[in-house]
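1. missing the sequence, but the structure's below:
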């Protein structure tokens, strides 16, 4: 914000160096036991939940400038979305990794990918109950640029 409380606009990155930027984000979606079992048994009437959620995450990363104001459009070179079921917790950890060679980081793209993948899982499993919980969406790694590596 500027001194008048107005948004200053998109950051000027014209003087920044192009470096390989990498970000990893994660989040969790928790289920009741019956819904988790249905997910693991691929019983969703909408089809393959994890494949659909993977595509949702990739599309969200690519569309980040359309949904987050003032984000720069980036030429993403890698978006990887992974799912790690945790049977003991009736939960799935969703992880997204995003890479590009550019002048600004890809943290928002990784966070958008995780969020959209979790939302797609929710949408495809809501038939089994509305009591799912999405939590812990957070950045866990970033690298590239002059600030270097950051790790949670």
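-> Noted; the coordinates are in hand. Quick caveat: nothing in here was measured; it's all calculated off a predicted structure.
2. now what about the lowest-mean-pLDDT helix or strand in the chain, what contacts it?
-> Ranking every helix and strand in the chain by mean pLDDT, DSSP states H and E puts strand 150-151 at the bottom, with a mean of 94. Here strand 150-151 makes contact (CB atoms under 8 Å, 6 or more residues apart in numbering) with 139-143. Bear in mind the C-beta positions are built from the backbone N, C-alpha and C, glycine included.
3. so what strands line up beside it?
-> strand 133-143 (antiparallel) (DSSP bridges).
4. now for the longest helix along the chain, which elements pack on it?
-> Identified as the longest helix of the chain according to DSSP state H is helix 107-125. Packed against helix 107-125 by the contact rule (3 or more CB pairs under 8 Å, 6 or more residues apart in numbering; DSSP states H and E) you find strand 19-30, helix 33-40, helix 49-62, helix 64-67, strand 78-86, strand 91-102, strand 133-143.
5. how about these in CSV, adding mean pLDDT, distance to residue 152 and mean neighbour count?
-> What follows is the helices and strands packed on helix 107-125, written out as CSV (pLDDT from 0 to 100; distance: least, CB to CB, whole Å; neighbours: other CB atoms under 10 Å):
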stretch, mean pLDDT, distance to residue 152, mean neighbour count
strand 19-30, 97, 9, 21
helix 33-40, 97, 26, 16
helix 49-62, 98, 19, 21
helix 64-67, 96, 20, 16
strand 78-86, 98, 16, 16
strand 91-102, 97, 12, 22
strand 133-143, 98, 5, 16
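6. List just the one of the ones you listed that sits closest to residue 12.
-> Residue 12 lies closest to strand 91-102 among the helices and strands packed on helix 107-125, at 14.4 Å (CB to CB).
7. Could you check the angle that closest one makes with strand 78-86?
-> 170 degrees (axes from the mean of the first three to the mean of the last three CA atoms, to 10 degrees).
8. quick one: strands adjacent to strand 91-102?
-> strand 19-30 (antiparallel), strand 78-86 (antiparallel).
9. out of the contacts of strand 150-151, which one sits closest to residue 48?
-> residue 140 (26.2 Å).
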